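Undergrad: whatever this is, show me its structure:
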Amino acid sequence: MSDTEYEQALTAERDCVTAAGYEPSDLSWDDGRPGFPVTADEDEADPDAADEAFPAATDRCRDEHGTLVATVWAAED
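TA: Down below sits the predicted model:
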């Protein structure tokens, strides 16, 4: 699997996070691994619900678009 294919999967994961209502940063390479930081809005009306929704959304996007690709990419590295 190429770096480009991995970046495409992460871009799809990032797009999914954006569609879920969050604002991830641009995709970047850090220590030889691509990724994108995501932060939750601190001014939520219901912070407890937001604390539960944020990881659920990012985990769903990661599972849907990135986990398998990341595993294969890392195994080939």
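Undergrad: what does the helix or strand bottoming out on mean pLDDT in the chain contact?
TA: Here the helix or strand of the chain ranked lowest by mean pLDDT, DSSP states H and E is strand 33-35, holding a mean of 73. Residues from elsewhere that reach strand 33-35 (Cβ atoms under 8 Å, 6 or more residues apart in numbering): 3, 6-7, 10, 27-28. (C-beta placed from N, C-alpha, C; glycine too.)
Undergrad: tell me which helix or strand comes right after that strand.
TA: helix 47-61 (DSSP states H and E).
Undergrad: just the buried positions in that following helix, please.
TA: 53-54, 57-58, 61 (16 or more other Cβ atoms under 10 Å).
Undergrad: quick one: mean pLDDT over the longest helix along the chain.
TA: Looking across the chain with DSSP state H, the single longest helix is helix 3-19. Helix 3-19 shows an average pLDDT of 87 in the prediction.
Undergrad: thinking again about what came up before, note down every partner strand of the least confident helix or strand of the chain and its orientation.
TA: Strand pairing for strand 33-35, using DSSP bridges, gives strand 28-30 (antiparallel).
Undergrad: for the partner strand, the distance to its chain's centre please.
TA: 13 Å (Cα atoms, centre = their mean, to the nearest Å).
Undergrad: stretch 51-64 now?
TA: Worked out by Cα atoms, centre = their mean, stretch 51-64 lies 9 Å from the chain centre.
Undergrad: repeat for stretch 60-67
TA: 7 Å.
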